[in-house]
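J.: Predicted model follows, preceded by the sequence.
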Amino acid sequence: MKKILKKIVEIVTLSLSKRIIQKYKPTVIAVTGSVGKTSTKDAVFLMLKDLTKVRKSRDSLNSELGLPLAIADFKGGVNTSSVFWIKAILKLLKILFTNFRFPEILVLEMGADQPGDLDKLLKVAPPDIGIITSVRKSHLKNFKNPSQIIKEKRKLVEAIKEEGLAVLCGDDENVLKMTGKIKAKIVTYGFTKDNLIKAKNIKFDCEVKDIDKKIKCSSNFKLYSNNNFIPVRLENVLGKSQVYACLAASAVGFHYDYNLIQIADILKKYKSPKGRLNVLKGIEKSLIIDDTYNASTPLSVYVALDVLKNVKAKKRIAVLGDMLELGSQEIKSHKKIGKKIFDYADIVFTYGQAAKHITTEAKKNKKLKNKLAEHFTSRRKLIKTLKDLIDKEMAVLVKGSQGMRMEKITKEILFNKKQAKNLLVRQSKEWLKK
C-alpha cells in the first residue's frame, strides 16, 4: 500500500472507530507491553466471556491500522489490498449507522512501535481498564532509549479515569515506575511478595513419554489474594509467561467481584494462544514447544528456553531464529544467549544473520562436549537436518521473530501437518503467499 493511500486509510478508519466507541460506549480493556499482550488479552476474555457480551481483538491487531479492524471484528490481519480496506471501511460504516449488536466489553491490544503510536490509539478507544505486562528493550530501532519506551507505554494507564483500574506487572521495575501519574485504582500482579495478586509454588510438569497417546504437561501454582489462596492447574500450558497472563486476568476478575474459587475454575479452561509456548505433538513421538509468533526481546527467548529446560526429555533441541528490531543491541543480545544456551538445551540450531552469533558463542562454551551447535542459512536444510535428528522422547523448541517465519519449521515437524491451519500462526492465504 502506498504511503499516501495508507495515511488516508488510517485517518478514515481511526475516525470511524472513534465514533463507534463514542456511540456504543463499551467498557474498553486495553493491554500493552513488550511481551505477553496476546496471552493476557486471551486470558482476560476467558475470564469475562460468560459475564456479558464480550469481544476480543482477533490475532494481534494492535496498530493504528489493526485497531479499527479489531473494533469492526474484521477477519484477517492487516492487508495491503485496496478491496480489503474498502470492505473494512464499509463494515465500520455499517456498525456506525445501524443498530449493531456491539459488545458491552471490548478487550483490545495496543502496540507501540515508535513514539506517538499510543496517542492515536488512546484517542480512539480510551481504556476503562488498562494492563501493562512488561517493558523491555523491544523495537529499540525506533526509540532513542529504553526510557522513551517506558514513557510511551505508560500513556495507556495515565489515560484511565479515576473510577477505572490499572493492572501492572509488579515484578517489572520499569512498569512500577509508571505509578506516579495514574489516577485510577492500581493493582499489581506477579510472583514477588509485594504484589496484590500473586502466584507461589509455581511448578511445571511435562514429560515426553507416551506422547502418541496424550500430551501430559501442566503449569501448577497457588493463586494468592488478600492472604487467601487456591491451587490452579493449567492443562497443556507451560511457562511463566502464561502464568503472568492468568494473574493479570485474575486481577480483572476480582474487579468484577469474582471470588478465588470462580477464578480458579475459569483458569482451568485457559489455553495458550497459537505460537505462544504452545505444546504440540511432533514427528517420531517428540514434543514441540511452538513459540513462533515473535521474539522481539531476549527476555522472551529466555522464558521459552526456561520452559524447554523444565521438560523431562531424552534430548532438548532449541531451534532459534533472529531476534529482529533490537537495533544497536542486536549482536550483543544474540551473543549473550549463545553463551548460556547449553544451560537450557543439548542441541541448538540457528537460522538467520543475527542468530549466527548464538551458534558462534555456543561453540566457545566449555560444555560443548556431547552438545551440538549448528547454524543454517537455508531453512530447507535446517528442516532436513532436524527431521533426521528427531527421535522419540525429544523436546524441540522453535522460536524467532515474526519476520523469520519460524512457523514454517514447526509445520514440517508436526505429527499431523494437516492440522497446521488450526495449530500454527500465520496460516491465512495472505501469509502463506509470503
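T.: Looks like it came in fine.
J.: Could you use CA atoms for every contact and neighbour count after this?
T.: Will do.
J.: following the lengthiest helix in the chain, which helix or strand comes up?
T.: Longest helix in the chain by number of residues (criterion: DSSP state H): helix 3-24. Scanning forward in sequence from helix 3-24 by DSSP states H and E, the next helix or strand is strand 27-32.
J.: what's the helix or strand following that next one in contact with?
T.: Sequence-wise, the next helix or strand downstream of strand 27-32 (DSSP H and E) is helix 37-48. The contact list for helix 37-48 (C-alpha atoms under 8 Å, 6 or more residues apart in numbering) reads 31, 54-56, 59-60, 107-109, 133, 242, 244-246, 248-250, 252-253, 263, 266-267, 269-270, 272-273, 276.
J.: Among those, name the buried ones.
T.: Buried by 16 or more other C-alpha atoms under 10 Å: 31, 54-56, 59-60, 107-109, 133, 242, 244-246, 248-250, 252-253, 263, 266-267, 270, 272-273, 276, out of the contacts of helix 37-48.
J.: May I see the buried residues of the host helix or strand of residue 123?
T.: Using DSSP H and E, the element containing residue 123 is helix 117-124. By 16+ other C-alpha under 10 Å, the buried positions in helix 117-124 come out as 117, 118, 119, 121, 122, 124.
J.: between those residues, which is nearest residue 363?
T.: When these are compared for distance to residue 363 (C-alpha to C-alpha), residue 117 wins out at 40.9 Å.
J.: Would you check that residue 298 makes contact with residue 333?
T.: Yes - applying C-alpha atoms under 8 Å as the test, residue 298 and residue 333 come out as touching, 6.5 Å apart.
J.: which one is residue 112 nearest to, not counting chain neighbours?
T.: Take residue 112 and drop its neighbours on the chain: the residue closest to it by C-alpha to C-alpha, 6 or more residues apart in numbering is residue 118, 5.9 Å away.
J.: Who are the contact partners of that neighbour?
T.: By C-alpha under 8 Å, 6+ apart, the contact set of residue 118 is 110, 111, 112, 152, 153, 155, 156.
J.: Quick check on those residues: which are buried?
T.: Applying 16+ other C-alpha under 10 Å to the contacts of residue 118 flags 110, 111, 112, 152, 153, 155, 156 as buried.
J.: ok, now how distant is the fifth one from residue 174?
T.: Look at residue 153 and residue 174: by C-alpha to C-alpha, to the nearest Å, they are 10 Å apart.
J.: And the second one, by the same measure?
T.: Between residue 111 and residue 174 the computed distance is 17 Å (C-alpha to C-alpha).
J.: Likewise for the fourth one?
T.: Between residue 152 and residue 174 the computed distance is 12 Å (C-alpha to C-alpha).
J.: How about the last one?
T.: When distance is defined by C-alpha to C-alpha, residue 156 is 14 Å away from residue 174.
J.: Can you flag which of the contacts of helix 37-48 belong to strands?
T.: Among the contacts of helix 37-48, the members found in strands (DSSP state E) are 31, 54, 55, 56, 107, 108, 109.
J.: Throw those into CSV and include distance to residue 223 and pLDDT, thanks.
T.: Putting the ones in strands among the contacts of helix 37-48 into CSV (distance: C-alpha to C-alpha, whole Å; pLDDT from 0 to 100) gives the following:
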residue, distance to residue 223, pLDDT
31, 21, 98
54, 25, 98
55, 26, 97
56, 25, 97
107, 23, 98
108, 25, 98
109, 25, 96
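J.: right, and out of the residues you listed, which lies closest to residue 15?
T.: residue 108 (17.1 Å).
J.: who touches the closest residue in space to that closest one that isn't next to it in sequence in this structure?
T.: Among residues not flanking residue 108 along the chain, residue 30 sits closest, at 4.9 Å (C-alpha to C-alpha, 6+ apart). Residue 30 sits next to 107, 108, 109, 110, 127, 128, 129, 130, 131, 156 when contact means C-alpha under 8 Å, 6+ apart.
J.: just how off-centre is stretch 351-365 within its chain?
T.: The chain centre lies 25 Å from the centre of stretch 351-365; the measure is C-alpha atoms, centre = their mean, to the nearest Å.
J.: Sorry, wrong one. I was asking about stretch 118-138.
T.: Computed by C-alpha atoms, centre = their mean, the chain-centroid distance of stretch 118-138 equals 15 Å.
J.: do stretch 314-325 as well
T.: In terms of C-alpha atoms, centre = their mean, the centre of stretch 314-325 is set 17 Å apart from its chain centre.
J.: Need the pLDDT of residue 71.
T.: Looking at residue 71, its pLDDT is 97.
J.: How about the contacts made by it?
T.: Taking C-alpha under 8 Å, 6+ apart as the test, what residue 71 contacts is 17, 57, 106.
J.: would you turn these into a markdown table with distance to residue 394?
T.: Output for the contacts of residue 71, formatted as a markdown table (distance: C-alpha to C-alpha, whole Å):
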| residue | distance to residue 394 |
| --- | --- |
| 17 | 48 |
| 57 | 35 |
| 106 | 41 |
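J.: Is residue 419 part of a helix or strand, or is it coil?
T.: Judged by DSSP: H, G, I helix; E, B strand; the rest coil, the three-state class of residue 419 is helix.
J.: actually residue 320, not the one I typed
T.: strand.
J.: Do a quick rundown of the helices in the stretch 251-400 of the chain.
T.: Under the criterion DSSP state H, counting those that start in this stretch, helices of the stretch 251-400 of the chain are mapped to 260-267, 298-309, 330-340, 356-362, 379-389.
J.: roughly how far out does the first one sit from the chain middle?
T.: Which is helix 260-267. Distance, stretch centre to chain centre, for helix 260-267: 22 Å (C-alpha atoms, centre = their mean).
J.: what's the answer for the third one, then?
T.: Computed by C-alpha atoms, centre = their mean, the separation of helix 330-340 from the middle of its chain amounts to 22 Å.
J.: Give me the angle between it and helix 298-309.
T.: Here helix 330-340 runs at an angle of 20 degrees relative to helix 298-309 (axes from the mean of the first three to the mean of the last three C-alpha atoms, to 10 degrees).
J.: other SSEs contacting helix 330-340?
T.: helix 298-309, helix 356-362 (3 or more C-alpha pairs under 8 Å, 6 or more residues apart in numbering; DSSP states H and E).
J.: circling back to that earlier point, which ones among the buried ones among the contacts of residue 118 lie within helices?
T.: 152, 153, 155, 156.
J.: distance of the spatially closest residue to the first one that is not a sequence neighbour from residue 160?
T.: This means residue 152. Distance criterion C-alpha to C-alpha, 6+ apart; nearest residue to residue 152, sequence neighbours excluded, is residue 115 at 6.2 Å. To residue 160, residue 115 is 19 Å away according to C-alpha to C-alpha.
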